[in-house]
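K.L.:
return a 3D structure for these sequence lines:
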Amino acid sequence: QMQLVESGGGLVQAGGSLRLSCAASGRTVSGYAMGWFRQAPGKEREFVAAISRSGGSTYYAESVKGRFTIYRDNAKSTLYLQMNSLKAEDTAVYYCAARTRLQVGGYSDIDRYDLWGQGTQVTVSS
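P.N.:
Residues are numbered from 1 along each chain as shown. So this is what the prediction gives:
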């Protein structure tokens, strides 16, 4: 059974950078579209970024476009999220997720993801 484990979260000052990793174990992720979501205290979990199975297509929430970059290394079964120019409002628990069923479109739709990691905390101090 495949599992996803996030790492790389932490405390950073506004304007700083972090790189999140999501390592898959038990099975390769190369066949799955994947995404990053986040949940701030008292708020719904929201879409951050997604990437197609091959890595050839990427999708971003407007709030992070131009600051965050999602990419994957299928040989290492690892998904990444490079976060630059961090803001206080980026503070949240960040989750990686995979779509294990073959689907078309809807990369920002949380309900289309059926495998989730446990999350990693990102705190940006202003």
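
K.L.:
roughly how far apart are Ala88 and Ala49?
P.N.:
Computed as C-beta to C-beta, to the nearest Å, the Ala88 to Ala49 distance reads 19 Å. Using the backbone N, CA and C atoms, a C-beta is placed for each residue, glycine as well.

K.L.:
in terms of neighbours, single out the busier of the two.
P.N.:
Using other C-beta atoms under 10 Å as the criterion, Ala88 and Ala49 rank with Ala49 on top: 26 against 11.

K.L.:
name the residues that touch the helix or strand that contains Tyr94?
P.N.:
Tyr94 belongs to strand 92-99 when assigned by DSSP states H and E. Contact partners of strand 92-99, identified using C-beta atoms under 8 Å, 6 or more residues apart in numbering, comprise 2, 4, 6, 9, 20, 22, 24, 29, 32-40, 43, 45, 48, 79, 81, 110, 112-122.

K.L.:
name the strands paired with it and say parallel or antiparallel.
P.N.:
strand 33-39 (antiparallel), strand 115-116 (antiparallel), strand 120-125 (antiparallel) (DSSP bridges).

K.L.:
those strands: which one's closest to Thr100?
P.N.:
strand 115-116 (5.6 Å; C-beta to C-beta).

K.L.:
please state the offset of that closest one from the chain centre?
P.N.:
Computed by C-alpha atoms, centre = their mean, to the nearest Å, the separation of strand 115-116 from the middle of its chain amounts to 11 Å.

K.L.:
so what's the residue positioned nearest the centre of the chain up against?
P.N.:
Geometric centre of the chain, nearest residue: Trp36, 2.1 Å, by C-alpha atoms, centre = their mean. Contact analysis of Trp36 by C-beta under 8 Å, 6+ apart lists 20, 22, 48-50, 70, 79, 81, 94-97.

K.L.:
with pLDDT as extra columns, can I get these in JSON lines?
P.N.:
Putting the contacts of Trp36 into JSON lines (pLDDT from 0 to 100) gives the following:
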{"residue": "Leu20", "pLDDT": "98"}
{"residue": "Cys22", "pLDDT": "97"}
{"residue": "Val48", "pLDDT": "98"}
{"residue": "Ala49", "pLDDT": "98"}
{"residue": "Ala50", "pLDDT": "98"}
{"residue": "Ile70", "pLDDT": "98"}
{"residue": "Leu79", "pLDDT": "96"}
{"residue": "Leu81", "pLDDT": "98"}
{"residue": "Tyr94", "pLDDT": "98"}
{"residue": "Tyr95", "pLDDT": "98"}
{"residue": "Cys96", "pLDDT": "98"}
{"residue": "Ala97", "pLDDT": "97"}
